[in-house]
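Chemist: Predicted coordinates and the sequence they were generated for:
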Amino acid sequence: MRHEDPRPLRLPPPVLHAAPANGAAGGTDRGPTPASLAGLAGLREGPPGDDALRCPACSAPLTDGTHHAADGGGAHGRPATGGDDRQLAALRASESRLRAAFCDAGIGMALIDPEDRIIEVNPAFAALTGRAVDELVGTHIHEIADPEGMPRRLFRALAHGEHDRIRVEKQLKHRTGRTVWSKVTVSLIRDAEGGPLYTLALVEDITEQRRLGDRLEYQALHDPLTRLPNRTLFFERLDAACLTPDRAEGAAAGPSGSARGVATTADGAGTGGSRVGVCYLDLDGFAAINEALGHHIGDQLLIAVATRLRRGFSAQGTQLVARMGGDEFAVLVTDSRGSDQLTDLAARILDALERPFDVAGHRLVVTASVGVVERSVHETTPTDLVKDADATLYWSKADGRARWTLYDPDRGAHQLTRQLLATALRPALERGEFTIEYQPLVGLADGAVHGAEALVRWRHPRYGTLSPDRFIPLAEESGAIVPLGKWVLEESCRQARRWLTEFPETETFVSVNLAARQIWDSDVVADVAQALERTGLPARLLQLEITESALLGPGGRPLQALQALADMGVRIAIDDFGTGYSNLAYLSRLPVHVLKLDGTFIEGFRDPAPAGGRPELPELRSRRSDADEQIVGAMVQLAHTLGLTVTAEGIESAAQAERLRLTGCDTAQGWYFARPGEAELVAAILRDGREDREGAEDPGGPGGR
């Protein structure tokens, strides 16, 4: 079917056989020539109203009776032959086909002159802009297209033949005022000499694709529940804030500084350059709200918290509020003026969250813990900044919650050391880096060694010898206390068996600390039985020490395990008595044999006992000394009433030992008697005691001369 359009295309005369541009052999690399679009344009030229087709060589009408074929078959001035009629028909058919393709194409098409005015558009292009075809002809292209969408350098590259075509995305202005996103492919049409003639633009509507892309991008960068920026967008903004010029130019060289040890001035403004800060916060007790009221209430609370944070602390371009996951949020300050600004921000966040929230008929009050980090972008990396902020948040939790905590480099270094030690615990046990020292337990009545407490030490290759308080809490947190405790138990029993072999008359016992997690995470009764069987140590010579808090915690498993151990004949001692529950009613029902008084009760015994009157001491110290002595005396009497013995820790002088003896305390340990040492230390004391006893029994021997 022929598709005729009565509207003429006012284009320069076409050339069907144009010479190559700039002398090139073919000229096709420069883009289409007018001849390639001859049928598209209609190829009409002449006075107004002249609708005749014209010769591409001489512009003479092809319909006059004198025009002849252009292939050399005739000359001007002679009547057209049958071949001329066929050529004319072919040209008309070509014109009809190309015009139909232009007008009926589903993609927008436009011819534009060098002055950026529209020569011709098809209906599809007109529909994109909400205008009529006649209305667009002669219109400057920038009236309907964003002039900033296509840099002029691309046109220059196209005109100079550097590209056959260019593709860009542009915003078109619809008649109604809305924006139409389009993908535009622009090709340059050249004249016979290769010069720019006009451009052909193919325009495809991609508005829905852009909207879908925008929605997907929003979903990828925002939390679906609270609509706040998510962790991904937070890190994108943080990366941009930390992108210093030297990193931008040489990212491969790595970060220029560390997150720790940042030098700051007195007001926290730093040593120069841009600064960045983070307030990393977590809601206190949020898990309890979820458990008590349900997750749907917890979700609504998170939405309410997010709304309050966004309205109060989000500032376009300078502060970003993001949800990092769960009940954790962060406020990023990309133009920090110092730590004072960040701590003030943290305080205002706490104040804002302390106001009650009305959620689904519930009036909820929540608090938050905030970790604050602020430093120069030249001295940190995004990873280190967030890592330190997260660590500082947990410091705030540990310090009591409902507060902010500013990052401390020294505390950070300590935490790093703790982490390194926790990671190395199990490998160190396999490498044999642990050893045991023993501190004698001395009877205050006879001065003899009755036993020894086993104290584990870590011979760390980097940090030297570490005392139990440096790594036992880490071992309990990580679970490494179970294999470590088994090793200490068996080694201690083996050593006590050696003492029994060498000094059978003394029956020196060994006292081993038992962690609560050993009871919960392993079969401690089976572990003890196995250790005693392997070493051959009688159960009566093993004493296990456990703290009050572990012994009297929830559940019945610790009591059942201790009762089974006591039934085996193992001695049970409560360590640090007086600092935990101190439930005296409960104490009478426990399978306990010994109370070990905490060293804080012994501090008042450091002053010598008065001789015939009150010592000349300040009134406060005197009252404390008297109170400590009365408390210890009462505890000793209570223990003896329950059939228990009492051991005092931390004895540093003879005066302390004597005053404790007068209270009735049974045994004691401390530096006054001996510092912890190798097993041979205890053996040496036992040998001395044997020699003293033998000398006393034989006055004529070497000891009595």
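Modeler: In hand now; what should we look at? Numbers count the residues shown, from 1 in each chain.

Chemist: make it CA atoms for all contacts and neighbour counts henceforth
Modeler: OK.

Chemist: number of nearby residues for Thr535?
Modeler: Neighbour count of Thr535, defined by other Cα atoms under 10 Å: 17.

Chemist: And the residue lying closest to it once chain neighbours are set aside, what's its pLDDT?
Modeler: Sequence neighbours aside, Arg494 is the residue nearest to Thr535 in space, at 5.1 Å (criterion: Cα to Cα, 6 or more residues apart in numbering). Per-residue pLDDT puts Arg494 at 97.

Chemist: and Arg494, that one's in a helix?
Modeler: Yes. Counting by DSSP: H, G, I helix; E, B strand; the rest coil, Arg494 falls inside a helix.

Chemist: ok now do it, which residues does it touch?
Modeler: Arg494 sits next to 535-537 when contact means Cα atoms under 8 Å, 6 or more residues apart in numbering.

Chemist: Make a markdown table out of these and add secondary structure, distance to Arg571 and pLDDT.
Modeler: Listed next are these as a markdown table, based on DSSP: H, G, I helix; E, B strand; the rest coil; distance: Cα to Cα, whole Å; pLDDT from 0 to 100:
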| residue | secondary structure | distance to Arg571 | pLDDT |
| --- | --- | --- | --- |
| Thr535 | helix | 17 | 96 |
| Gly536 | coil | 17 | 96 |
| Leu537 | coil | 13 | 97 |
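
Chemist: Could you pull up the contacting residues of Pro440?
Modeler: By Cα under 8 Å, 6+ apart, the residues touching Pro440 are 449-453, 669, 673-674, 676, 682.

Chemist: Could you give the bridge partners of it?
Modeler: Ala452 (DSSP bridges).

Chemist: And it, how close does it get to Leu544?
Modeler: From Pro440 across to Leu544, the span is 15 Å (Cα to Cα, to the nearest Å).

Chemist: do Arg215 as well
Modeler: 64 Å.

Chemist: So which of these two has more stuff around it?
Modeler: Legend: neighbour count by other Cα under 10 Å for Arg215 and Leu544, higher for Leu544 (24 against 12).

Chemist: any idea which element that one lies in?
Modeler: strand 542-547 (DSSP states H and E).

Chemist: Can I get that strand in PDB, CA atoms only?
Modeler: C-alpha atoms of strand 542-547 as PDB (Å, rounded to 0.1, in the frame of the first residue of the first chain):
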ATOM      1  CA  LEU A 542      41.400 -32.300  95.200                       C
ATOM      2  CA  GLN A 543      39.600 -29.100  96.000                       C
ATOM      3  CA  LEU A 544      37.600 -27.200  93.400                       C
ATOM      4  CA  GLU A 545      37.000 -23.500  93.800                       C
ATOM      5  CA  ILE A 546      33.900 -21.900  92.300                       C
ATOM      6  CA  THR A 547      32.500 -18.300  92.700                       C
END
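
Chemist: quick one: strands adjacent to it?
Modeler: When pairs are called by DSSP bridges, strand 542-547 turns out to pair with strand 509-513 (parallel), strand 571-577 (parallel).

Chemist: Could you list the buried residues of stretch 299-317?
Modeler: Residues of stretch 299-317 classed as buried by neighbour count (16 or more other Cα atoms under 10 Å): 299-306, 308-310, 313-314.

Chemist: And those residues, which is closest to Ala526?
Modeler: Closest approach between the buried residues of stretch 299-317 and Ala526, by Cα to Cα: Asp299, at 46.7 Å.

Chemist: Now the element after the helix or strand the closest one falls within, going C-ward?
Modeler: Per DSSP H and E, Asp299 falls inside helix 295-313. Next helix or strand after helix 295-313 toward the C-terminus (DSSP H and E): strand 319-325.

Chemist: And that next one, how far out from the chain middle?
Modeler: Centroid separation between strand 319-325 and its chain, computed with Cα atoms, centre = their mean, to the nearest Å, is 12 Å.

Chemist: Equivalent analysis for stretch 185-192, please.
Modeler: Distance, stretch centre to chain centre, for stretch 185-192: 54 Å (Cα atoms, centre = their mean).

Chemist: Check stretch 446-460 too.
Modeler: How far stretch 446-460 lies from its chain's middle: 44 Å, per Cα atoms, centre = their mean.

Chemist: so where's the protein uncertain?
Modeler: In the predicted model, the chain carries pLDDT under 70 at residues 1-82, 148-156, 159-161, 244-273, 550-557, 579-586, 604, 606-625, 695-705.

Chemist: what about 80?
Modeler: Low-confidence segments of the chain (pLDDT under 80): 1-84, 146-164, 194-196, 244-273, 317, 548-558, 578-589, 598-628, 692-705.

Chemist: Skip the chain neighbours and tell me the closest residue to Ala566.
Modeler: Pro591 (6.3 Å).

Chemist: Isn't that neighbour up against Gln563?
Modeler: Yes. Using Cα atoms under 8 Å, Pro591 is in contact with Gln563, at 5.6 Å.

Chemist: what residues are shared contacts of the two?
Modeler: When Cα under 8 Å, 6+ apart defines a contact, no residue borders Pro591 and Gln563 alike.

Chemist: Does Thr663 touch Asp628 like I think?
Modeler: No. Here Thr663 does not reach Asp628: they are 11.2 Å apart, not a contact under Cα under 8 Å.

Chemist: quick one, helices of the stretch 501-650 of the chain?
Modeler: Assigned by DSSP state H, counting those that start in this stretch, the helices in the stretch 501-650 of the chain fall at 516-521, 524-535, 548-551, 557-568, 584-587, 619-641.

Chemist: Between those helices, which one is closest to Asp399.
Modeler: That would be helix 548-551 among the helices of the stretch 501-650 of the chain, by Cα to Cα, at 20.4 Å.

Chemist: ok, back up a step: and the contacts of Pro440, which two are furthest apart?
Modeler: His450 and Pro676 (15.2 Å).

Chemist: Show the contacting residues for Val528.
Modeler: Counted by Cα under 8 Å, 6+ apart, Val528 has contacts Leu489.

Chemist: any idea how far Leu484 is from it?
Modeler: For Val528, the distance to Leu484 (Cα to Cα) stands at 14 Å.

Chemist: Kindly report the same for Ala454.
Modeler: Ala454 is 13 Å from Leu484, by Cα to Cα.

Chemist: more neighbours, the two?
Modeler: Between Ala454 and Leu484, counted using other Cα under 10 Å, the more crowded position is Ala454 (25 against 21).

Chemist: Provide the secondary structure category for that one.
Modeler: Judged by three-state DSSP, the three-state class of Ala454 is strand.

Chemist: Count the neighbours of the closest residue to Ile651 other than its chain neighbours for me.
Modeler: Take Ile651 and drop its neighbours on the chain: the residue closest to it by Cα to Cα, 6+ apart is Gly670, 4.4 Å away. Number of residues near Gly670 (other Cα under 10 Å) recorded here: 20.

Chemist: tell me the secondary structure for Gly670?
Modeler: Under three-state DSSP, Gly670 falls in the coil class.

Chemist: can you check the one 3 residues further on too?
Modeler: Assigned with three-state DSSP, Phe673 falls in the coil class.

Chemist: Noted, bye for now.
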